[in-house]
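starting from these lines, generate the structure:
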Amino acid sequence: ESAAIGTSSRIQRTMVALPCSPGMAGAIYDGSTEEAAMPYRNINPTEAKALLDGREGWISIEVRTEGESNQGHAAGACNIPVAVGHPPQMTMNPEFLAVVKANFKKGQKLLVRWAAGGRSSKACEILVNAGYTDLDNMMGGLMGSRDPMGRVEKGWAALGFPTETTAAAGKSYEALRRNV
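All right, here's what the predicted structure looks like:
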């Protein structure tokens, strides 16, 4: 389970308790302002767009179901659902990690996204536990969300960033599964 441990004006860092780290179980944030290395960052859509537009080679992974992704997703995103089924009867996708591993190296810079940020956080936790180290979770997702005070935070589409309803060649879940 994730717990927010600190917030800067730009980035909320997240700590994930790893089952293989018994010494970390029960670790708490002590209030220090020193930034520690965290498994992944929570970023907003504007920061995500800057990463994707940059020259560092970030890859966008949409973790919604194929049906949800086909209703609209960030242009150029790869679709690998972390859960399958239809809300509220969803289950974890047993192929999620295998499909990610077959298509992306552990050192690849991955931007993980969902409609509002919930499933993408779970996907980041799975990837961290599998040894992926360069992950960002886009909060607010495609549609936007509300902050803890109830204020609307615009998502990717509401900010006017490019979207599409058909996955680019080789980026659909069907195509990425073939590499397993």
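
can you list the low-confidence ranges for the chain?
1-38, 117 (pLDDT under 70).

which parts of it are helices?
45-53, 66-70, 96-103, 118-129, 173-177 (DSSP state H).

tabulate the CA atom coordinates of the last one in PDB.
Read it as helix 173-177. Only the C-alpha atoms of helix 173-177 are listed here, as PDB (Å, rounded to 0.1, in the frame of the first residue of the first chain):
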ATOM      1  CA  TYR A 173      -2.300  -4.500 -25.900                       C
ATOM      2  CA  GLU A 174      -2.900  -7.100 -28.500                       C
ATOM      3  CA  ALA A 175       0.400  -6.200 -30.300                       C
ATOM      4  CA  LEU A 176       2.400  -5.900 -27.100                       C
ATOM      5  CA  ARG A 177       1.100  -9.300 -25.800                       C
END
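
which residues touch the residue most central in space within the chain?
Central residue of the chain (C-alpha atoms, centre = their mean): V112, 2.4 Å from the mean position. By C-beta atoms under 8 Å, 6 or more residues apart in numbering, V112 lies in contact with Y40, I61, V63, S120, A123, C124, L127, L135, D136, N137, M138. Every C-beta, even on glycine, is put in place using the N, C-alpha and C of the backbone.

isn't T91 right up against V84?
Yes: between T91 and V84 there is a contact at 6.1 Å, judged by C-beta atoms under 8 Å.

among the contacts of V112, which one lies nearest to A167?
I61 (11.7 Å; C-beta to C-beta).

before we move on, back to that, and the residue nearest to the centre of the chain, how far from N70?
From V112 across to N70, the span is 19 Å (C-beta to C-beta, to the nearest Å).

so what's V128 closest to, chain neighbours aside?
P39 (4.1 Å; C-beta to C-beta, 6 or more residues apart in numbering).

could you check how far T133 is from C124?
Taking C-beta to C-beta, one finds T133 at 11 Å from C124.

now do the shared contacts for these two.
In contact with both T133 and C124: P39, using C-beta under 8 Å, 6+ apart.

more neighbours: which of those two?
When T133 and C124 are compared for neighbours, C124 comes out ahead with 26 against 14, by other C-beta atoms under 10 Å.

tell me how far that one lies from K101.
15 Å.

and the strands in the protein?
Along the chain, counting by DSSP state E, strands occupy 2-7, 12-16, 40-43, 59-62, 73-74, 78-79, 83-86, 89-92, 110-113, 135-138, 144-146, 152-154, 163-164.

turn those into TSV, including distance to V180.
Listed next are those as TSV, based on distance: least, C-beta to C-beta, whole Å:
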stretch	distance to V180
strand 2-7	27
strand 12-16	25
strand 40-43	24
strand 59-62	15
strand 73-74	21
strand 78-79	14
strand 83-86	15
strand 89-92	16
strand 110-113	17
strand 135-138	20
strand 144-146	32
strand 152-154	35
strand 163-164	24
